[in-house]
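Asker: Dropping a prediction and its sequence here:
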Amino acid sequence: MKTKKMKTIVCAFLGLLLLSSFKTGANDTLISKHGYSEVNGINMYYEIYGQGKPLILIHGGGSTIQTTFGRIIPMLAKRYKIIAMDLQAHGHTSDREGPESFEQDADDVITLLKNLKISKAAFFGFSNGGTTAIQIAIRHPEMVDKIILGSALCKRNGVSAQFWDFMKHATLANMPEQLKEAYLKVSPNPKGLQIMHDKDAERMVNFKDIPNDEIESIKAPTLIIIGDRDIVKPEHAIEMHRQIANSELAMIPGVHGEYIGEITTLKSNTKEAEFVIPMIESFLDK
């Protein structure tokens with residue numbers, strides 16, 4: 001695989017994505033509440049939109065609320081109470097000593113919800129956020145109504161071998177300048193950019209398969225979404241569908257995150273979210 005293509009893959013997984021146009025755009029007028037909450041030793045930033053049943057949005061690695069979900073929040077907030085957060089070391093949220101883990105992210109999200117007096121919710125995680133959503137369903141099933149897994153990874157063989165080889169040598173230099181600048185506009189800690197990058201890279205290099213019995217233990221209704229040219233292999237999504245008994249699978253034309261208008265995929269003619277959101281609403285309303 002060519003180096004240029006591998007750089008694109010790494011940027012997509014690490015997130016490294018934040019453009020201020022989302023933060024200063026129409027979504028600001030939709031926020032009903034935003035702030036910080038003390039969560040397991042970090043100061044976690046969150047935003048709340050809309051009213052209705054709670055739907056929790058969990059962004060991708062290296063990303064933020066707005067870079068992953070900024071385009072679809074206005075659509076979803078018409079029907080649901082959207083709660084989204086910046087995870088450990090990402091965006092506005094502070095860091096803690098030690099490496100990142102999907103298990104810790106899962107516990108952080110649940111602690112935030114308890115702080116906000118949310119006892120049960122639907123969860124929508126994208127990319128690394130999808131892996132976190134899987135851990136939430138495994139570790140905290142009592143909190144889960146339904147889960148939506150967007151381009152989620154459970155097994156190392158779910159992506160190409162070249163991806164793992166490239167991740168071992170990932171550096172901040174792989175990240176486009178505009179994305180570095182965008183991160184610095186939102187983070188209160190300029191040095192956090194390098195820290196976030198390194199911790200995200202380390203987590204992926206050390207990624208371990210989620211055991212089959214844990215995946216098969218998920219009982220919540222699950223919608224698995226993947227692009228037909230995604231970073232995660234379509235075969236991996238199909239296998240997850242087979243392992244999670246109460247699951248549905250949707251394969252959408254496009255690349256990693258294009259189906260929700262993730263910021264690195266935006267094009268003038270990107271319209272996938274216009275038919276994916278009704279599909280998500282139909283799943284949530286069943």
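Answerer: Yep, it's here. Numbering: from 1, shown residues only.

Asker: In contact with the closest residue in space to Thr132 that isn't next to it in sequence, which residues?
Answerer: Spatial nearest neighbour of Thr132, excluding adjacent residues (C-beta to C-beta, 6 or more residues apart in numbering): Asp105 at 4.4 Å. Just so you know, the C-beta spots here come from the backbone N, C-alpha and C atoms, and that holds for glycine as well. Listed by C-beta atoms under 8 Å, 6 or more residues apart in numbering, the contact set of Asp105 reads Ile58, Leu87, Gln88, Thr132, Gln135.

Asker: any idea of the mean pLDDT in the one helix or strand the last one maps to?
Answerer: Secondary structure here is read from DSSP states H and E; on that basis Gln135 sits in helix 128-139. Helix 128-139 shows a mean pLDDT of 98.

Asker: now do stretch 274-281
Answerer: Mean predicted lDDT for stretch 274-281 stands at 94.

Asker: Put the alpha carbons of that stretch into PDB.
Answerer: Written as PDB, here are the backbone C-alpha positions of stretch 274-281 (Å, rounded to 0.1, in the frame of the first residue of the first chain):
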ATOM      1  CA  GLU A 274     -29.400  12.300   4.300                       C
ATOM      2  CA  PHE A 275     -30.400   8.700   4.000                       C
ATOM      3  CA  VAL A 276     -28.300   7.200   6.800                       C
ATOM      4  CA  ILE A 277     -30.000   9.300   9.500                       C
ATOM      5  CA  PRO A 278     -33.500   8.100   8.700                       C
ATOM      6  CA  MET A 279     -32.200   4.600   8.800                       C
ATOM      7  CA  ILE A 280     -30.700   5.300  12.300                       C
ATOM      8  CA  GLU A 281     -33.900   6.900  13.400                       C
END
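
Asker: hmm, who's touching it?
Answerer: Ile72, Met75, Leu76, Arg79, Phe124, Ile148, Leu223, Ile225, Ala250, Ile252, Tyr259, Ile260.

Asker: Need the max-distance pair from these.
Answerer: Arg79 and Ile252 (20.2 Å; C-beta to C-beta).

Asker: Among the contacts of stretch 274-281, which one sits closest to Ile210?
Answerer: Closest to Ile210, out of all of those and judged by C-beta to C-beta, is Ile148, at 17.3 Å.

Asker: before we move on, back to that, have a look at Arg79 and Ile252 and say which one is more surrounded.
Answerer: Set Arg79 next to Ile252 and count neighbours by other C-beta atoms under 10 Å: Ile252 wins out with 20 against 17.

Asker: Which pLDDT value belongs to the more buried one?
Answerer: Predicted confidence (pLDDT) for Ile252: 95.

Asker: Same question for Lys5.
Answerer: Value for Lys5, per-residue pLDDT: 46.

Asker: same thing with Asn212?
Answerer: For Asn212, the pLDDT comes out at 98.

Asker: Ramachandran coordinates for it?
Answerer: Geometry field for Asn212 lists phi and psi as phi -60, psi -40, criterion degrees, to the nearest 10.
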